[in-house]
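Undergrad: Sequence first, then the predicted structure, then my questions.
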Amino acid sequence: MKRLTLLLLVVLLAFSCQTDKKEEPSLQQRKTTIINGTIENYAIKDSIFEIALYYNDYLAKDQVGHKFKIDSTGKFIAEFDLKRQQDVFFFYKNYISLILKPGDSIAIRFNGSLEDDALDNSIVLEGNSSKINQLYIKYRANNPVDTRAYYEKSQVLKPKAFLAYNDSISKAQSNYTNAFIKKNNVPEDLKNWLNTEAYFEPLDRLLNYELMYNMKRRSDSELPKIEDDFFASLETIVPVKKEHLINANFTSGFINFYYYYLDSQFRKGYSKDSIKKIGYKKVEDDFIKHLITKEGKDTTLTQLVVNEKLRTNFNNNSLELYENNKDIIDGLFKGTAFENAINERYSSIKTLLDNPELPEKAELLAFKSTDAKTFLDEIKANAKGKVIYIDNWATWCGPCKSQFKEATPKLKAKFSKDVEFVYLCHQSEERLWKPNISEFKVEGKHYFITKDQTEVLSKILNITGFPTYNIINKDGELVHSGFEYRPSITETSTIIEKLIKE
């Protein structure tokens, strides 16, 4: 479990392509994969009634997730479709990782009364892919890289000291990996996963350094200057091969941070004034052209990085980057498995933007006054004495929209009669407002808030970022504000129930 916590800090998305020209597998080649689980010493008192399973899909909007019920005896069956061999994660007290391929059927048994490494050590496997996963679990259990120590050191060490630390643990990891492969009869696919991990994880740690260092700090100004040679190893990355794509730490974590690294390096060629003058979208277009024409020596790596940028834009229902650079992007992906995935995603978003269909109980409203100082009073008046739940969100905000999928509908269904649900969309393009409400079928009262109005409301509603949630009691008093009152948190329901009874 030493690597999974870090992996799950970033948006987990994986991609599938081949280095050999036009030999990519069809996206239609799916087979049901089955995990038969038995949780020994399963206790109802633990209040864990579902297994949450995650895996990465080709150009998926997000990490694909499923939930499977655990019966009273601790048994569960997870059935899902995979397109290729890859990491699959499921959660029961710990994140448990397996490497599975389409059509696998594997039985897993573990002691549910244990936690952390003890739970991992209790895992017993049978069936397809049991050998590779027994070795996979064994490898991870003895990995010399201590994630907790890495977290602590990356938050206190200055750049040069961190480089030395990273080099030392990278050597230990590489030596351990080579010895493990030599000592054990490791199947070729697991060997690919291990070698990819040993090579790319040290690079991933470099790319994560600034984020980790600033985690306990208030401003970027506290970060020591990072010299260009800090990232010198990124200039000589080995050519990416199809064998690397089995490892989700590479295809998601590394690619995500590598994209942002390349983007930040590219932007050094622009002053703030020049960006303001030509516009952010023009810089984006220039960057995509640069990636494909200048950075494109490693075709597969370039495809993964450009795909990461497209994925980010598509997740925001934004098509401009693709439309502005369609010819050069299509040329990059022509004849690959990316091509169909991008075309399908583009078509579905285009349909959504052109014909957004709102749910029946969604109301698009406008405030009577243009003075944002009066907005909250109008919301209270419309609520007519009900408890009010305000969701401050943005069309580009991933955490906002992740709540819309399941948690928001559940909360609204539970309190629909007693609570006024209000959704304020901030800092967004108005043309994307209605399509997002349509996509996630968000019922309730919706208002689009302009930039100037957001500045006023931020002070009134204590908005420090997005999402921010406000809970107002029957007397019109703002009693709670913050990200922590999101729909998916049990405490939110508890607070609302208490306020309704008052």
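TA: Good, I have the coordinates.
Undergrad: okay, now the domains of the chain?
TA: Annotated domains of the chain cover 4-142, 362-501 [automatic domain parsing].
Undergrad: Lowest average confidence across those domains, which one?
TA: Per-stretch mean pLDDT for the domains of the chain is lowest at domain 4-142 (a mean of 81).
Undergrad: distance between that one and the chain's centre?
TA: 17 Å (Cα atoms, centre = their mean, to the nearest Å).
Undergrad: quick revisit: want to throw the domains of the chain into TSV with distance to T293 and mean neighbour count?
TA: Quick note: C-beta positions are derived from backbone N, CA and C, even for glycine. Listed next are the domains of the chain as TSV, based on distance: least, Cβ to Cβ, whole Å; neighbours: other Cβ atoms under 10 Å:
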stretch	distance to T293	mean neighbour count
domain 4-142	19	17
domain 362-501	28	17
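Undergrad: Just the pLDDT at L358, thanks.
TA: Looking at L358, its pLDDT is 95.
Undergrad: what's the answer for L194, then?
TA: With respect to pLDDT, L194 scores 97.
Undergrad: Could you say which helix or strand holds it?
TA: For L194, the host element (DSSP states H and E) is helix 188-213.
Undergrad: just checking, what packs against that helix?
TA: Other helices and strands packing on helix 188-213, by 3 or more Cβ pairs under 8 Å, 6 or more residues apart in numbering; DSSP states H and E, are strand 94-100, helix 130-141, helix 147-154, helix 159-183, helix 255-267.
Undergrad: What are the buried residues along that helix?
TA: 189-210, 212-213 (16 or more other Cβ atoms under 10 Å).
Undergrad: and what of stretch 281-290?
TA: Neighbour counts over stretch 281-290 (16+ other Cβ under 10 Å) mark V283, E284, D285, D286, F287, I288, H290 as buried.
Undergrad: Distance-wise, check the fifth one relative to I328.
TA: Looking back up the chat, that one is F287. Computed as Cβ to Cβ, to the nearest Å, the F287 to I328 distance reads 12 Å.
Undergrad: Would you map the strands across this structure?
TA: Per DSSP state E, the chain carries strands over the ranges 31-40, 50-55, 64-69, 75-82, 86-92, 94-100, 105-111, 124-127, 362-365, 387-393, 419-425, 444-448, 468-472, 478-482.
Undergrad: any chance of these in a markdown table, plus distance to L245?
TA: As requested, the strands of the chain are exported to a markdown table (distance: least, Cβ to Cβ, whole Å):
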| stretch | distance to L245 |
| --- | --- |
| strand 31-40 | 17 |
| strand 50-55 | 13 |
| strand 64-69 | 16 |
| strand 75-82 | 13 |
| strand 86-92 | 8 |
| strand 94-100 | 12 |
| strand 105-111 | 21 |
| strand 124-127 | 23 |
| strand 362-365 | 40 |
| strand 387-393 | 34 |
| strand 419-425 | 37 |
| strand 444-448 | 41 |
| strand 468-472 | 38 |
| strand 478-482 | 39 |
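Undergrad: To F333, which of these lies closest?
TA: Judged by Cβ to Cβ, the one of the strands of the chain that comes nearest to F333 is strand 86-92, at 20.2 Å.
Undergrad: And the contacts of that closest one?
TA: With contact meaning Cβ atoms under 8 Å, 6 or more residues apart in numbering, strand 86-92 is reached by 4, 8, 14, 33, 35, 39, 48, 51-56, 78, 82, 95-101, 110, 112, 119, 193, 245-249.
Undergrad: rerun that using 6 Å as the cut-off
TA: For strand 86-92, contacts defined as Cβ atoms under 6 Å, 6 or more residues apart in numbering pick out I51, A52, L53, Y54, Y55, Y95, I96, S97, L98, I99, L100, A248.
Undergrad: And for stretch 153-166?
TA: Stretch 153-166 is contacted from outside by P202, R205, Y209, M212, Y213, M215, K216, P224, I226, F230, using Cβ under 6 Å, 6+ apart.
Undergrad: List just the nearest of these to F440.
TA: Out of the contacts of stretch 153-166, the member with the shortest distance to F440 (by Cβ to Cβ) is M215, at 29.9 Å.
Undergrad: ok, now how distant is the closest one from N208?
TA: 10 Å.
Undergrad: could you list every residue that touches D104?
TA: Going by Cβ under 6 Å, 6+ apart, D104 touches T33, N128, S129.
Undergrad: now the contacts of stretch 153-166 as TSV including distance to G398?
TA: Below are the contacts of stretch 153-166 laid out as TSV (distance: Cβ to Cβ, whole Å):
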residue	distance to G398
P202	27
R205	23
Y209	23
M212	20
Y213	23
M215	19
K216	23
P224	29
I226	26
F230	28
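Undergrad: now the residues you listed in JSON lines, with pLDDT and distance to F314?
TA: Output for the contacts of stretch 153-166, formatted as JSON lines (pLDDT from 0 to 100; distance: Cβ to Cβ, whole Å):
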{"residue": "P202", "pLDDT": "97", "distance to F314": "30"}
{"residue": "R205", "pLDDT": "96", "distance to F314": "29"}
{"residue": "Y209", "pLDDT": "93", "distance to F314": "29"}
{"residue": "M212", "pLDDT": "87", "distance to F314": "28"}
{"residue": "Y213", "pLDDT": "85", "distance to F314": "31"}
{"residue": "M215", "pLDDT": "73", "distance to F314": "29"}
{"residue": "K216", "pLDDT": "65", "distance to F314": "33"}
{"residue": "P224", "pLDDT": "77", "distance to F314": "36"}
{"residue": "I226", "pLDDT": "86", "distance to F314": "31"}
{"residue": "F230", "pLDDT": "94", "distance to F314": "32"}
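Undergrad: Closest to K405 out of these?
TA: Scanning these for proximity to K405, where the rule is Cβ to Cβ, the winner is M215, at 27.0 Å.
Undergrad: Can you report how many residues lie near that closest one?
TA: Neighbour count of M215, defined by other Cβ atoms under 10 Å: 11.
Undergrad: ok, it to Q155 distance?
TA: Counting by Cβ to Cβ, the separation of M215 from Q155 is 6 Å.
Undergrad: for A149, same thing?
TA: 11 Å.
Undergrad: ditto for D167
TA: Distance from D167 to Q155, by Cβ to Cβ: 18 Å.
Undergrad: So which of those two has more stuff around it?
TA: Taking neighbours as other Cβ under 10 Å, D167 and Q155 compare with Q155 leading, 15 against 12.
Undergrad: Need the pLDDT of the more buried one.
TA: 90.
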